[in-house]
Each structure stands twice: as C-alpha cells, then as structure tokens.
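Undergrad: any chance you can model this:
(chains A and B)
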Amino acid sequence: MLKKLLLVAAALVILVGLFAGCVFIGLFEKSVVAKDIEQPLSVDQMKALAERGAYVAVAADCYACHTAKDGAPWAGGLPFATPFGTLYATNISPDKENGIGSWTRAEFHRAVRDGIGRRGHLFPAMPYASYRNMTPEDVDAVYAYLMTRAPMNVPNKPAELTFPFNIRQGLTFWNLFNLPGSAASADAARSETWNRGRYLTDALAHCGECHTPRNLLMGMRQDAYLQGALLEGVVAPDITKAGLTQMGFEPSVLASFMKSGISNQGAMANQMFEVVHFSTQYMSRDDLNALSAYLFDLDKMPDSTIPPEPPKPVAIASDVAASAKTTYVAVCSGCHGADGQGIPHVVVPLTTNTSLRLSSGRNLIRAVLDGIPAQHFPGLERMQPMPGFKTLLTDQQVADLANWLRASWGGQEPKVTLDDVRQTRLDN
Amino acid sequence: MTIATKKLSLTINDQAVGPIDVPEAMMMQDFLYEYLNLTASRMGCGQGICHACTIIVEKDDGALEETRTCIMGAHWFAGKKVRTVEGHAKRDATGAIVALSPVQQAFIEHFSFQCGYCTPGFVTGATVLMDQLKRNPIRREELEPTIVEALDRHICRCSGYVRYLEAVRDLILQTPGLVKA
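TA: As a prediction, this is how the structure comes out:
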C-alpha cells in the first residue's frame, strides 16, 4: 500500500515537474503577433505611419516611463521599485547598440504584445498585458514613430531583482496565469464610441495597470476590474461608474479633467499628474469623450448630465469635530477657505474634493502629511505647493482632521484610525 | 452677527502676550498687525508661497523653526514662543536698538536688498539657518547648496538673490562653529 502511494506521489511529482518544465520553456506561451508581421514595413509605409504613431505613443504614455527624470528622451533609465527589487525602463530610442534601432518590426510587436524582447522575457512593469490588446496597426505606428526619434547612445541599466525573480524565463509562469491568450475583440453590441473608449482604457492608456487591484502573483484581478488599488502609498481610485460617481464626476467633467488635470474634484496628483502631463492632455476631444463614455458605461456622451448629488454629511463626535475644526482653522483655512471653498486657480476646494469622498482615507492623510509639490498644468493653470504637516500635527490631530473633513464634506463614515495615520507615515 | 473669538496667550519676542480675545479664524499675520502693531513680517502673496511673512517659532529644545503667518491661524501659536523681525536686534532696557542681529548687519553690508519687502522673510530664514548650522555644522563644500535649499523658498523681485546668498555665506564663514574644518 505504502509502495503504491509512494509510486503515485512520485508520478505526481514527475508530472508536476514535467508541466513546470513545459511552462518554463514556453510551450504554453501564445503569441498574438500574426505571421504577416514578419514582413518588414517599407520606407514609405514607415513614413506614412510615423505621424499617427506619435499620437498613439502619447495615448499609450510610452514616454513617461521610457525617459528618466532629466534623462535623454526615450533612453530609459527610470527606476521602478518593486517588492522584488528595482527595474529600469529600457532605451527605446532607435540607437542601434542600446535602443531598438536594429529591432525588426516583428521583434517590436512581440515585445509590446507578447512581452518577449530580444534578450528574453520582459518584466510586467512594461504593461504588455494591456498592450496585448493594441491593434497591429497601432503597434506599427508606434514602431514607425520611434524610429524617427533621435538615437540615444545611453546603455540600459540591468535589473536589480532578487533570486528567483531575476530569471526572465520565469515570467512564463506569470504569463500563464496573467496574460490573456488572445487580444480582446470589439463588442458588437456596443457603440463605436464605447469600443473606442474600451480600447483606450484597456490597451493604450492601460488604466487597469494602476486602477485594477493585483492578485498574489501581481497580475490584474479581472474580478475587480478598475475598482481601485493601492500603489506607492496612495490609492488609485475606483474608476468604474460607481467609483467615479462617488467621487462626484459626471461624464463631461471627467473628460475635461483628463484634459486639464483640474476640476472641482481637485487637481491631479501623484502618478496621475504625470499621466495628464505626458499623455491625456494631448488626447483628442473625441478620444477623451470615448474614454469617459466607456468608464461610465455609456454608448455615447450624453448631451447634458446632472451632477451627482453631493454627499450627505455624516454625524461625528463633538470632541473630534472640535479638535479638527481647531486644526482646520489653524493650518488649512488660510488657503482652502473657512468653508472649504478654495481659491479659483490657486487652491482646490475641499467641499467637492475626491480625496474626501473615497472609501479610503489614505490619499487625504498622505496629502496632509506630505503636502503636494507645485505643479504646472496644461494651459496656464498652476497649483502652488501644498505644505506637508507631518512635523506640525500629531497622529491624533491628523486622524481627527481627516475624519471631520471626510464626514462633513465627503459623506464618509469617520473611520480613519490612529493606526491608519501611523501606517501612512511609515509607508513613506 | 458676531465673530466667534477665543482667548489667545503666547510669548512674542520674550514678552508674554494675552490672554486676548482673538477671532477664531484670524490668521497670525492679521493678529500681529491689528492687535500688536507688529508690522515687520510682510503680507506678500497671502498664499504661503513668497515667505515674506515668516516668523520664528522657538521650540522647547531651543531650536528655531520658520513659520508662515499668512496661512497659519493665530490660535495655532497659542502657548508658543515666537520671534518676529522686531525681536532680532539687541535692545537696551528702554527698548532702543543697540545692535542689529548679525544677519541684519550682513544684509546691510552686502547691499542685499533694494525695496526691502522680502527682507524680513530673508532675515528670518537666514537666522533659522544659522541656528541649524550651530546644531549641525556642515562641510564647506555643502555650504552654497545648503543656503540655496534653506532660502530658495523666499521670493525677491528686485535686487535678486546673489547678494543675499553672499551675505549669508560670508556671515556663516565668519561665524565659528558653523562649518566643519
């Protein structure tokens, strides 16, 4: 009996080992790059595609990651801190030695849509799980555009990952669970606008990479699609229709917000500021409308909409309110106004601010502790820096303030705890 | 309609002030101007950007901290010890000024300011910087970047920044103990 069991166990181990081996060597990997992509593009085709490629690359926000702060354009180098170590964006300028200058059309397609580059698997910090849904025409356009950029002779920085995450071939396992076998196809039941919006959201702008929570394997959880996630110590909010409505958005306001970065709901901050700065401000009005219509699950932008009802104030203990009001008057009201009304073009209002309406108090606490740097927005808008108050306010004062603000203007239960504030301080 | 007030007591330039009834929502700068006639800290932008309005808060351990008054409520300073620009120079028993503070003197010697509107803020900022260096001296090569970092937030629209920088640099170099050998 025991021998039989042992045999079964051994067989199982061998089978699992075999399966793992098959996964590892890539037997289960499925390319979405069609055979005809092997055919190089002609010089004329490249020329014709490049202009549209500039727009696609902007919508796909390639530049923001592939250019280090103060670094050479498209030359990579921007660090990505992950739980497994630090990765660096690569040089995608057409430099033959360090960039993609000698890459073929097919190699580029496979990198963008399959996550397999010339030197093996890419790490999923490159959002190939989203770009997989890009059309071959758009990938061609980006390829043609990038080849028109100036080559940057800047070497790539090697990834600094811990074992076993530094084994690129190991990404076959990640891909097995997190990379869809095929690209999404258009939904015939929905309008062209809705489908364009979905394409922008899922493929080009890769919104889900931040706004969809990740599973244990760090893949996007499709069961919680766009429902918000915590990254780099802040909440990337729920941007489903329900989440957007809770934040106070209506479709037309959302579309303008993506263009300008400023609305009654606040000013774009953290990574979203960069998204507006490098990408969405340049999107066409039609695309922004499509993006917004899709996120609100509409087939077309409505001619007029009614803003969501302002949240109803939630009752709060009088001692918390008293503590918070004292803090508010002392350190907030000078800029945000005694009644939270803000100053147009200078300071955002708090009465309509999304950070007060999110289910999590994290972003508000973060802003209170660290402040927000000065930011230049599209056009002539700019926001002065908000000072951080981490050395001036105690955890209790911050918690009381956050609870009172969120209860009074955000309609949120006062559930911010001292621990939340402590944790936010530690996460910095 | 009456404005809600609250008693405020604090120490300003080593003098106990209050308790005085002060409107709850009044900013510190208005309190200094309207209640105490201390008008040296300047109202510039009113938005916490230009730093012409700063004063010093003396912390319990004696360390100095620069604080804006245009965006901070008067009651925030309750019980605190603060120093405004009127409190920097040495005075005799009658209150007459007998010597400017080293920072003030250095600014005059270097012709650091022209219209002078930003100067109280620079005096405050440089004084706080001197205090920090006394506690944590720096290496010579770190000096210029440290001054720039400390005073960069102060906005000057007429004489420029070079003569402020030179004044602060020379003063720090002449003052023993601020720069490591």
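
Undergrad: what does chain B put close to chain A?
TA: Chain B has residues B:24-25, B:27, B:47-49, B:68, B:70-73, B:75-76 near chain A, with proximity defined as Cβ under 8 Å from any Cβ of the partner chain. (Glycine included, C-beta is placed from N, CA and C.)

Undergrad: residue contacts, the residue nearest to A:Thr417 when sequence neighbours are not counted?
TA: The spatial neighbour of A:Thr417 that comes closest, neighbours along the chain excluded (Cβ to Cβ, 6 or more residues apart in numbering or on different chains), is A:Ala399 at 6.4 Å. With contacts defined as Cβ atoms under 8 Å, 6 or more residues apart in numbering or on different chains, the neighbours of A:Ala399 are A:416-418, A:420-421.

Undergrad: got a quick PyMOL command for the buried subset of the residues of chain B next to chain A?
TA: Entered in PyMOL, the line below selects the buried ones among the residues of chain B next to chain A, by 16 or more other Cβ atoms under 10 Å in any protein chain shown:
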select buried, chain B and resi 24+25+27+48+49+68+70+71+72+73+75+76
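
Undergrad: wait, which of the residues of chain B next to chain A is closest to B:Pro145?
TA: Lowest distance from B:Pro145 to these (Cβ to Cβ) belongs to B:Ile49, with 21.9 Å.

Undergrad: which SSE is the residue nearest the centre of chain B in?
TA: Chain B has B:Thr124 as the residue nearest its centroid, 2.5 Å off, counting by Cα atoms, centre = their mean. Following DSSP states H and E, one finds B:Thr124 within helix B:119-135.

Undergrad: give me the mean pLDDT for that helix.
TA: Computed over helix B:119-135, the mean pLDDT rounds to 97.

Undergrad: hmm, back to that, now, which of the residues of chain B next to chain A lie within helices?
TA: Using DSSP state H, no member of those sits in helices.

Undergrad: among the residues of chain B next to chain A, give me the pair with the biggest separation.
TA: B:Glu24 and B:Ile49 (24.7 Å).

Undergrad: tell me the SS of the residue nearest to A:Ser102 when sequence neighbours are not counted?
TA: Counting by Cβ to Cβ, 6+ apart, the nearest residue to A:Ser102 once its immediate chain neighbours are dropped is A:Lys96, at 4.8 Å. Secondary structure state of A:Lys96, per DSSP: H, G, I helix; E, B strand; the rest coil, is coil.

Undergrad: poorly predicted segments of the chain, please.
TA: Unless you meant another one, I'm taking chain A. A:428 (pLDDT under 70).

Undergrad: hmm, no, I was thinking of chain B.
TA: If you take pLDDT under 70 as the line, chain B has these spans: B:1.

Undergrad: one more time with 90, if that's ok
TA: Counting by pLDDT under 90, chain B contains low-confidence ranges at B:1-3, B:18, B:95, B:158-160, B:181.

Undergrad: from memory the residue nearest to the centre of chain B sits against B:Glu66, does it?
TA: Yes - between B:Thr124 and B:Glu66 there is a contact under Cβ atoms under 8 Å: 5.7 Å.

Undergrad: name the residues contacting each of those two.
TA: With contacts defined as Cβ under 8 Å, 6+ apart, the residues shared by B:Thr124 and B:Glu66 are B:54-56.

Undergrad: now, which of these lie within helices?
TA: Among the shared contacts of B:Thr124 and B:Glu66, no member falls in helices (DSSP H).

Undergrad: out of these, which end up buried?
TA: Neighbour counting by 16+ other Cβ under 10 Å classes B:54-56 among those as buried.

Undergrad: right, and the residue nearest to A:Ser102 touches A:Pro151 too?
TA: Yes - contact criterion Cβ under 8 Å: A:Lys96 and A:Pro151 qualify, at 7.0 Å.

Undergrad: that older thread, now, the most widely separated pair of the contacts of A:Ala399?
TA: By the measure Cβ to Cβ, A:Val416 and A:Leu418 form the most distant pair in these, at 8.6 Å.

Undergrad: and these two? Which one has more around it.
TA: A:Val416 (26 against 13; other Cβ atoms under 10 Å in any protein chain shown).

Undergrad: quick one, what contacts that one?
TA: Counting by Cβ under 8 Å, 6+ apart, A:Val416 touches A:361, A:365, A:399, A:402-403, A:406.

Undergrad: need these in a markdown table with secondary structure, can you?
TA: Below are those laid out as a markdown table (three-state DSSP):
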| residue | secondary structure |
| --- | --- |
| A:Gly361 | coil |
| A:Ile365 | helix |
| A:Ala399 | helix |
| A:Ala402 | helix |
| A:Asn403 | helix |
| A:Arg406 | helix |
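
Undergrad: need the nearest residue in space to A:Gln396, chain neighbours excluded.
TA: Nearest residue to A:Gln396, sequence neighbours excluded (Cβ to Cβ, 6+ apart): A:Leu418, at 6.4 Å.

Undergrad: pretty sure that neighbour is touching A:Asp395, no?
TA: Yes - between A:Leu418 and A:Asp395 a contact is recorded at 5.0 Å, counting by Cβ under 8 Å.

Undergrad: list the helices and strands the helix ranked longest in chain A packs on?
TA: Using DSSP H to define each element, chain A has its longest helix at helix A:2-24. Using 3 or more Cβ pairs under 8 Å, 6 or more residues apart in numbering or on different chains; DSSP states H and E as the contact test, the elements touching helix A:2-24 are helix A:171-178.

Undergrad: count the residues that sit near residue 119.
TA: Assuming you mean chain A. A:Arg119 has 10 neighbours, counted by other Cβ under 10 Å.

Undergrad: wait, I meant chain B there
TA: 23.

Undergrad: how about the helices in the stretch 101-250 of chain A?
TA: Using DSSP state H, counting those that start in this stretch, the helices of the stretch 101-250 of chain A run over residues A:105-109, A:128-131, A:136-146, A:171-178, A:192-198, A:208-211, A:241-247.
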